Every structure is written in structure tokens, then in C-alpha cells.
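Peer 1: Task: produce atomic coordinates for the following.
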Amino acid sequence: MADPTNATMTTNYSQEEINQSLEALGPKMQIFLIVLYSMTAMMALAGNATVIVVLLLGKRSSRELRIFLINLALSDVCMALFSIPFTYTDFMLGRWIFHPGFCPFVQFMQHVSVVASVYTLMAIGVDR
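Peer 2: Residues are numbered from 1 along each chain as shown. Got it, this is the predicted structure:
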């Protein structure tokens, strides 16, 4: 339980509680979720890579709109690379299994990709 005098709320789980919560999912559900998240990440990467190639090679849309859409696709690629796999691994295992110095970088990239998406969509709206 968090200290009531502390402004931020933190929750500490024991390893036993984490293992019990993961066991509650069952092996079939765990495999289903692994496949689902893996497919989501792969489809996001493939789809956005396709969008980038089409927009780079195509000439039907205006140059400004193409630049905005390529930027939006690149931010989605960053989200697929730095959010889906690491967040899911952290959720499934209940702890960070990667190098401790990599955690701040992953969080930074998650924030950068969200901010880039939001500001790109705002710029498209202002441009229109």
C-alpha cells in the first residue's frame, strides 16, 4: 500500500502474486495473447512500411500531405517497435527483463511516437 503522505501512488506486488495472476490466465490464454500481440506488431510494421513505400513512390497526393502521412506512418512504426513488444513482455512476466538502461530509452521512444502522432494529426488538420 502506498504512503498516504506521498503524492504518487505506487503498488508493490510480490513475485508470488505476479505468478498467481499470470497462472490465472492459463497456458492457452497466454499462447493466444502472445500470438495476438505478435501478429499486431508484425501487421503494424508491415502495413506502415507499405504506406511509406507507396507514399514515397506515388505522386497522386499533394507533397505536403505525403510528408505528413509518411511522418505519421514512421511514428506508428516507432510505436510498434517500442511499445507493443516491451509493454506486453512487462505485462506477461510482471517485471522488466531487459537491460535496466534500456527502460528509459523505451519509455522515451513511446512518448516521442505518441507526441509525433498527435502533432502530425494536428498539423494535417490545420493544413486542411
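Peer 1: so where is the chain shaky, pLDDT-wise?
Peer 2: Residues of the chain meeting the criterion pLDDT under 70: 1-25.
Peer 1: Tell me where it has helices.
Peer 2: Counting by DSSP state H, the chain has helices at residues 15-23, 26-57, 63-82, 84-93, 102-127.
Peer 1: okay, those helices, which one's buried deepest?
Peer 2: helix 63-82 (a mean of 17; mean count of other C-beta atoms under 10 Å). Quick note: C-beta positions are derived from backbone N, CA and C, even for glycine.
Peer 1: Output it as PDB, nothing but the C-alphas.
Peer 2: Below are the C-alpha coordinates for helix 63-82, written out as PDB (Å, rounded to 0.1, in the frame of the first residue of the first chain):
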ATOM      1  CA  ARG A  63       3.600  16.800 -51.400                       C
ATOM      2  CA  GLU A  64       2.600  18.300 -48.100                       C
ATOM      3  CA  LEU A  65       0.100  15.700 -47.300                       C
ATOM      4  CA  ARG A  66       2.500  12.900 -48.300                       C
ATOM      5  CA  ILE A  67       5.100  14.300 -45.900                       C
ATOM      6  CA  PHE A  68       2.600  14.400 -43.100                       C
ATOM      7  CA  LEU A  69       1.400  10.800 -43.800                       C
ATOM      8  CA  ILE A  70       4.900   9.500 -44.000                       C
ATOM      9  CA  ASN A  71       5.700  11.100 -40.700                       C
ATOM     10  CA  LEU A  72       2.500   9.500 -39.200                       C
ATOM     11  CA  ALA A  73       3.500   6.100 -40.500                       C
ATOM     12  CA  LEU A  74       7.000   6.500 -39.100                       C
ATOM     13  CA  SER A  75       5.600   7.300 -35.700                       C
ATOM     14  CA  ASP A  76       3.400   4.200 -35.900                       C
ATOM     15  CA  VAL A  77       6.400   2.100 -36.700                       C
ATOM     16  CA  CYS A  78       8.200   3.500 -33.600                       C
ATOM     17  CA  MET A  79       5.100   2.600 -31.600                       C
ATOM     18  CA  ALA A  80       5.100  -0.900 -33.000                       C
ATOM     19  CA  LEU A  81       8.800  -1.300 -32.300                       C
ATOM     20  CA  PHE A  82       9.000   0.300 -28.800                       C
END
